[in-house]
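Enquirer: Pasting a predicted model and its sequence here:
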Amino acid sequence: MASLQLDGLVFGHRGQALTRPVTVEARSGEFWAVLGENGSGKSTLMATLAGLVPPLAGQVAVDGVNLRRMPRKVLARRLGLLLQHQDVAFPYSVRETVSAGRYAHRPPWRPLRREDHAAVERALEETGLLELAELRADQVSGGEQRRVAIATLLAQEPGALLLDEPVNHLDVRHEVALMDRFRDYADDGRLIMVSLHDVNLASQYADRLLMLYADGTWEAGNTAELLTEDRLEHLYGVPLKEVGSDETPFWVPLGHRKRSR
Ligand SMILES: Nc1ncnc2c1ncn2[C@@H]1O[C@H](COP(=O)(O)OP(=O)(O)OP(=O)(O)O)[C@@H](O)[C@H]1O
């Protein structure tokens, strides 16, 4: 289990900030969705939270400890990141690739222990990959490779999972199965933070939202309070209309033709 503290965090590249300073606490057991248009900084935020991109200002702490002072292996047990584009580069089997997720839990160059095998098999099962486990990971389909990357992260068993557009390329069945699984992880006390383009997935699964606006401002809070037509239009630059019921709201973008009627 892990919590993340963003304290005056400014993230960006080559000295160019993508947002004003962000101060947010994401606690263990919460399911966060990060929303924003293309280029608003969702991936950069995820990479900064995982320590792959240095903050331009402020800091990120994991369970109160500054990320930069935490040894990588310790950090990998607390926090795991699924990148937006995570290529399978080596000709290993699906099972061998997923096994790499166990590196943070065992001494180097030692064989997998019983609990490592169990975590790998669980991750394969949860991502629907058991039947593909002996195939070469670099030769399975695009959506299957995405599930291999997710399974590798699940095998890592971090306290907080940062997932950058995890369900892109997945069919609806696997999308729902994995979002349900992430929700279960949050209910079991892990922290889940997912960047999404699908407002309806955010609305269904996330209890908390971080909205990154193109002008560098941001808002964080409860999903039900933040998902309003005004905010979504500010976020995406097009109107989205709320339909459905109060318990299950859905958001439909209004294209040019509908708007001009
Ligand atoms: N390594 C880099 N060096 C310089 N600029 C970068 C780098 N990576 C991303 N950027 C720029 O930073 C901005 C934010 O990119 P980022 O990938 O974080 O956005 P995003 O919200 O994840 O976008 P998308 O929805 O398209 O995935 C973009 O303008 C992008 O071009």
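Expert: Perfect, I can see it now.
Enquirer: partners of the helix or strand hosting residue 242 in the sheet?
Expert: Using DSSP states H and E, residue 242 sits within strand 240-244. Using DSSP bridges, strand 240-244 pairs in its sheet with strand 249-253 (antiparallel).
Enquirer: Going by neighbour count, which residues in the strand it pairs with are buried?
Expert: 249, 251 (16 or more other C-beta atoms under 10 Å). For every residue, glycine as well, the C-beta is placed using N, CA and C.
Enquirer: Tell me how many other residues surround residue 110.
Expert: Residue 110 is flanked by 8 other residues according to other C-beta atoms under 10 Å.
Enquirer: Tell me the gap between the strand holding residue 242 and the middle of its chain.
Expert: Distance of strand 240-244 from the chain centroid (C-alpha atoms, centre = their mean, to the nearest Å) equals 25 Å.
Enquirer: let's number from 52 now, not from 1
Expert: All set: I'll call the first residue 52, so the last point we hit is now strand 291-295.
Enquirer: Backbone torsions only: list them for the residue lying closest to residue 128 once chain neighbours are set aside.
Expert: Leaving aside its chain neighbours, residue 128 sits nearest to residue 155 (5.0 Å; criterion: C-beta to C-beta, 6 or more residues apart in numbering). Residue 155 adopts backbone torsions of phi -80, psi -10, taken as degrees, to the nearest 10.
Enquirer: you'd agree residue 155 is up against residue 206?
Expert: No. Contact criterion C-beta atoms under 8 Å: residue 155 and residue 206 do not qualify, at 10.0 Å.
Enquirer: Of the two, which one has the most company?
Expert: Set residue 155 next to residue 206 and count neighbours by other C-beta under 10 Å: residue 206 wins out with 27 against 16.
Enquirer: thinking again about what came up before, what residues of the strand holding residue 293 count as buried?
Expert: In strand 291-295, residues buried by neighbour count (16+ other C-beta under 10 Å) are residue 291.
Enquirer: Identify the residues contacting the residue nearest the centre of the chain.
Expert: Centroid-nearest residue in the chain, with C-alpha atoms, centre = their mean: residue 214, separated by 1.7 Å. When contacts are counted by C-beta atoms under 8 Å, 6 or more residues apart in numbering, residue 214 is found next to 132, 133, 201, 204, 233, 243, 244, 245, 246.
Enquirer: swap the cut-off to 7 Å and go again
Expert: 133, 245 (C-beta atoms under 7 Å, 6 or more residues apart in numbering).
Enquirer: after the helix or strand that contains it comes which helix or strand?
Expert: For residue 214, the element it lies in under DSSP H and E is strand 211-215. For strand 211-215, the following helix or strand on the C-terminal side (DSSP H and E) is helix 223-238.
Enquirer: for that next one, packing partners?
Expert: In terms of contacts (3 or more C-beta pairs under 7 Å, 6 or more residues apart in numbering; DSSP states H and E), helix 223-238 is packed against strand 82-87, helix 193-207, strand 242-246, helix 250-256.
Enquirer: avg pLDDT for that helix?
Expert: Averaging pLDDT along helix 223-238 gives 94.
Enquirer: and residue 204, how far is that from residue 300?
Expert: Noted for residue 204: a distance of 30 Å to residue 300, by C-beta to C-beta, to the nearest Å.
Enquirer: Go ahead and confirm residue 108 touches residue 59.
Expert: Yes. Under the criterion of C-beta atoms under 7 Å, residue 108 makes contact with residue 59 at 6.3 Å.
Enquirer: where do the contact lists of the two overlap?
Expert: residue 72.
Enquirer: count of neighbours near residue 242?
Expert: Other residues lying near residue 242 total 25 when counted by other C-beta under 10 Å.
Enquirer: give the contact list for it.
Expert: 53, 54, 55, 77, 78, 79, 81, 210, 211 are the contacts of residue 242 under C-beta under 7 Å, 6+ apart.
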